[in-house]
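Asker: next one to model:
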Amino acid sequence: MENGQVPENANEHCPGPQSESAGKADSCEGCPNQQICATAPKGPDPDLVAIAERMATVKHKILVLSGKGGVGKSTFSAQLSFALAAMDFQVGLLDIDICGPSIPKMLGLEGQEIHQSNLGWSPVYVESNLGVMSIGFMLPDPDDAVIWRGPRKNALIKQFLKDVDWGELDFLIVDAPPGTSDEHISIVQDLGAASIDGAIIVTTPQQVSLIDVRKEVSFCKKVGIQVIGVVENMSGLRQPILAASKFLRMTEAGEEKDVTEWVIEYVKEKAPELLDIIALNEVFDNSGGGATKMCREMGVPFLGKVPLDPELCKAAEEGRSCFVDQKSGTSAPALKKIIDTLMENQGISRNVVDNDA
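Answerer: Purely as a prediction, here's the structure:
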């Protein structure tokens, strides 16, 4: 338990050896370190001092959270980081989803490794002004499962904050796992003295997601983290009426016949004005009012909606920015508007993301 760190063999929900309840809390029962913790001297955690010193060169620290998995939180974190870097800000993206690190894939950094110097761990860089840190860079095999209890995950998060040489940053974006578990408590406690700007919460429109997002908002309020705003992701499928569509006709035998080519040629010949029409399909049930209504009820800002866009999904799969071409024609403008609103609400001067860049 050197430097007051939580031992790897500690029980889940360990209060930490420096806590006044160390060795006495209910979660300490049966822990092999219980007697040591109960009798050890208490005092400030020196690691928190080191973290505060490291974070002193980071201007803005933003958490990206979600109540439920699979809502596009990491996709948003990745594209937010790409966008900020495109504005010539110095950006760091920290992936603390220890058991499901998807950030290396979404930034096009699969197979990269962490390097060390006398200044600490060096982030893996996408561009000179966009660095990334993730446990995904530390796994010998990307298919390896990370089967860790809370104390070991918390120790790695602390090490990421204390030992990574980010240098001077304008933004540190922290991509957290879904929920309100050990990783969230750890990042809030470890960054407590370093002034977190706040959290962006990502959801989808349906109630089954919003139920958990309400818990995420409640978590932020309880631990004193400002909710910068909520983003409603996958808010309807919007795309040109013929783009990436496949048209089928059922035969009398009950078989599917592909008539896509015929439909496209027919529309071009008979109704070319339809080619510019954007089709909207509500994939998720938003009859409950979606994130807009939830934000109004809970008194938190609503940043905007991002449509479900196959091209945005493809950009995430290929590890690239959705802003560098015209392919993500529905999602990129929506993301751009959300980021502009975020910057304006936070009082940060910026150069607007250019889709044509």
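
Asker: where does pLDDT dip in the stretch 1-150 of the chain?
Answerer: Counting by pLDDT under 70, the ranges of the stretch 1-150 of the chain that qualify are 1-5, 18, 40-44.

Asker: which parts of stretch 254-270 are buried?
Answerer: By neighbour count on 16 or more other Cβ atoms under 10 Å, the buried set for stretch 254-270 is 263, 267. Bear in mind the C-beta positions are built from the backbone N, C-alpha and C, glycine included.

Asker: typo on my end, it should be stretch 93-108
Answerer: The neighbour-count check on stretch 93-108 (16+ other Cβ under 10 Å) flags 93-98, 101-107 as buried.

Asker: before we move on, what about stretch 184-196?
Answerer: Result for stretch 184-196 [16+ other Cβ under 10 Å]: buried residues 184-191, 194, 196.

Asker: quick revisit: looking at the buried residues of stretch 93-108, which is nearest residue 114?
Answerer: Among the buried residues of stretch 93-108, residue 104 lies closest to residue 114 (Cβ to Cβ), at 10.9 Å.

Asker: just say helix, strand or coil for the closest residue to the closest one other than its chain neighbours.
Answerer: Once flanking residues are discounted, residue 104 sits nearest to residue 136: 4.0 Å by Cβ to Cβ, 6 or more residues apart in numbering. Residue 136 carries the three-state label helix when classified by DSSP: H, G, I helix; E, B strand; the rest coil.

Asker: return the residues in contact with residue 136.
Answerer: By Cβ atoms under 8 Å, 6 or more residues apart in numbering, residue 136 lies in contact with 95, 101-105, 110, 142.

Asker: cool, and residue 322?
Answerer: 79, 82, 311-312, 315, 328, 331-332, 335.

Asker: now secondary structure and distance to residue 114 too, for the residues you listed, in CSV please.
Answerer: Below are the contacts of residue 322 laid out as CSV (DSSP: H, G, I helix; E, B strand; the rest coil; distance: Cβ to Cβ, whole Å):
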residue, secondary structure, distance to residue 114
79, helix, 23
82, helix, 21
311, helix, 31
312, helix, 28
315, helix, 25
328, coil, 30
331, helix, 31
332, helix, 31
335, helix, 29
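
Asker: and the two most separated of these?
Answerer: Farthest pair in the contacts of residue 322 (Cβ to Cβ) is 82 and 311. Separation: 14.4 Å.

Asker: compare those two (neighbour count), which wins?
Answerer: Remark: of residue 82 and residue 311, residue 82 carries more neighbours, 24 against 19, as counted by other Cβ atoms under 10 Å.

Asker: is it true that that one touches residue 328?
Answerer: No: applying Cβ atoms under 8 Å, one finds residue 82 not in contact with residue 328, separated by 11.4 Å.

Asker: could I get the contacts of residue 136 as JSON lines with distance to residue 233 and secondary structure?
Answerer: Compiled in JSON lines, the contacts of residue 136 are given as follows (distance: Cβ to Cβ, whole Å; DSSP: H, G, I helix; E, B strand; the rest coil):
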{"residue": "95", "distance to residue 233": "18", "secondary structure": "strand"}
{"residue": "101", "distance to residue 233": "20", "secondary structure": "coil"}
{"residue": "102", "distance to residue 233": "15", "secondary structure": "coil"}
{"residue": "103", "distance to residue 233": "16", "secondary structure": "helix"}
{"residue": "104", "distance to residue 233": "21", "secondary structure": "helix"}
{"residue": "105", "distance to residue 233": "18", "secondary structure": "helix"}
{"residue": "110", "distance to residue 233": "23", "secondary structure": "coil"}
{"residue": "142", "distance to residue 233": "25", "secondary structure": "coil"}
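
Asker: for residue 317, give me phi and psi.
Answerer: phi -60, psi -40 (degrees, to the nearest 10).

Asker: and it, how many neighbours?
Answerer: Other residues near residue 317 come to 11 when the count uses other Cβ under 10 Å.

Asker: repeat for residue 273
Answerer: The burial count for residue 273: 7, using other Cβ under 10 Å.

Asker: so what pLDDT did it get?
Answerer: For residue 273, the model assigns a pLDDT of 88.
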